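Undergrad: The following block contains a protein sequence and its predicted model.
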Amino acid sequence: MPLKDPRAEKDLQTIHALSPTTSRAMFGGYGFYSEGGPMFALYAIDQTYFKVDDENRAAFEEVGGGPFIWTGGDAPMAMSYYSIPPEDWNDSAKLRSWMELGQAAAERAALKKAKKKR
């Protein structure tokens, strides 16, 4: 079933063509998940952002990527999801690289979270 937001659907289909990806609606946007894996991308406010952490954040910042800013609380908060250059959506090799960085960060976060539960 297509997503309600046409831009989100287009981004999902572009990502899915490179690596099997599913989505879930959340907070007016969508979370994008690797098949059987954690959420590695977030679609919100007409843009897709990829998961970052201390290991990959610099790569996103070097190309001018910035964080998704959540404004639903008392004060705006930068989230651990960053944008990529718009032109990289038209280059499958570059997009795959961004996806892999996001997927790796999501896997590290999931492992860290699982260790805390023990």
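TA: Great, that's in hand.
Undergrad: alpha carbons only for contacts and neighbour counts from here, please
TA: Fine.
Undergrad: other SSEs contacting the lengthiest helix in the chain?
TA: Longest helix in the chain by number of residues (criterion: DSSP state H): helix 92-117. Applying 3 or more C-alpha pairs under 8 Å, 6 or more residues apart in numbering; DSSP states H and E, one finds that helix 92-117 makes contact with helix 6-18, strand 39-44, strand 47-51.
Undergrad: Show me what counts as buried in that helix.
TA: Across helix 92-117, burial judged by 16 or more other C-alpha atoms under 10 Å covers 95-96, 98-107, 109.
Undergrad: Let's have the helices and strands packed on helix 92-117 in TSV, adding mean neighbour count and mean pLDDT.
TA: TSV is the format used below for those (neighbours: other C-alpha atoms under 10 Å; pLDDT from 0 to 100):
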stretch	mean neighbour count	mean pLDDT
helix 6-18	17	96
strand 39-44	25	97
strand 47-51	24	97
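Undergrad: Distance to residue 87 added to those, as CSV?
TA: Formatted as CSV, these follow (distance: least, C-alpha to C-alpha, whole Å):
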stretch, distance to residue 87
helix 6-18, 13
strand 39-44, 17
strand 47-51, 13
